[in-house]
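A.B. asks: Next comes the sequence, and after it the predicted model I'd like to discuss.
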Amino acid sequence: MTSKGDLTRQNIIEKSMDLFSVKGFFNTSIADIVEATGLTKGGLYGHFKNKEEIWYAVYEECVRIWKRMVFEGVKEISDPLERIDKVMENSLKNYLGGGVFEGGCFLLNSLVDLAGVAPAMSDHVLSGFTGFAGLLRRWLEEAEDQGLIQEGLNLQEVANFMVISINGAAPLYAASKDPLVWQHTLSQIRVYMRSLRK
């Protein structure tokens, strides 16, 4: 059973997620969060010591949402290239195209918002992007070991390219809401992936 304190904490995270997603970390004030949650400052500080701590909790919740959506249906796929294709489709069609966060991709928005201003926080976000690229690289290595792709490819560059492609599409889609942005990105990633096959 969830306690009242846990529900209040979750409410703070969810309302702050909406605010940070649209306004960014620096343009969201504690007063904004207090107003959105209906709490007093004391009530808010009973759960989090400062705005930065709220942001870290929001970030972790966003990562959970992202993982749930992006890796849906992937576990049962044995072919590493099909796994990558499914993750690319989930990332672009379901996560990005699904409009999960009001202001676009919370993770990318945070990286842009924090870069050069809050290094510890931006490094925290960046480590998630590099971790995702690392996973894709491991799946590509698996494909190489199985003889599914050409030999001699720089697999880290290939993985980075896919992550960069997805995240290049994110702000364009957030601004335009044109599904062709994610559809064309997915289509061209698939063309690229086919070109890597033996």
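C.D. replies: Done, it's in.
A.B. asks: and Ile84, that one's in a helix?
C.D. replies: Yes - under DSSP: H, G, I helix; E, B strand; the rest coil, Ile84 sits within a helix.
A.B. asks: Wait, it touches Met162, no?
C.D. replies: Yes - here Ile84 reaches Met162: they are 7.4 Å apart, a contact under C-beta atoms under 8 Å. C-betas here are computed from N, CA, C, even on glycine.
A.B. asks: so what's in contact with the two at the same time?
C.D. replies: Leu136 (C-beta atoms under 8 Å, 6 or more residues apart in numbering).
A.B. asks: tell me the domain ranges of the chain?
C.D. replies: 1-58, 71-196 (automatic domain parsing).
A.B. asks: Can I get those in CSV including mean neighbour count, distance to Arg64 and mean pLDDT?
C.D. replies: Shown next, in CSV, are those (neighbours: other C-beta atoms under 10 Å; distance: least, C-beta to C-beta, whole Å; pLDDT from 0 to 100):
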stretch, mean neighbour count, distance to Arg64, mean pLDDT
domain 1-58, 15, 11, 94
domain 71-196, 16, 11, 96
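A.B. asks: Pull the contacting residues for the residue nearest the centre of the chain.
C.D. replies: What sits nearest the mean C-alpha location of the chain, by C-alpha atoms, centre = their mean, is Leu107, with 4.6 Å. Going by C-beta under 8 Å, 6+ apart, Leu107 touches 59, 62-63, 66, 125, 128-129.
A.B. asks: Quick one: list the elements packing against the longest helix along the chain.
C.D. replies: Identified as the longest helix of the chain according to DSSP state H is helix 119-145. When contacts are defined as 3 or more C-beta pairs under 8 Å, 6 or more residues apart in numbering; DSSP states H and E, helix 119-145 sits against helix 51-70, helix 80-89, helix 106-114, helix 155-176.
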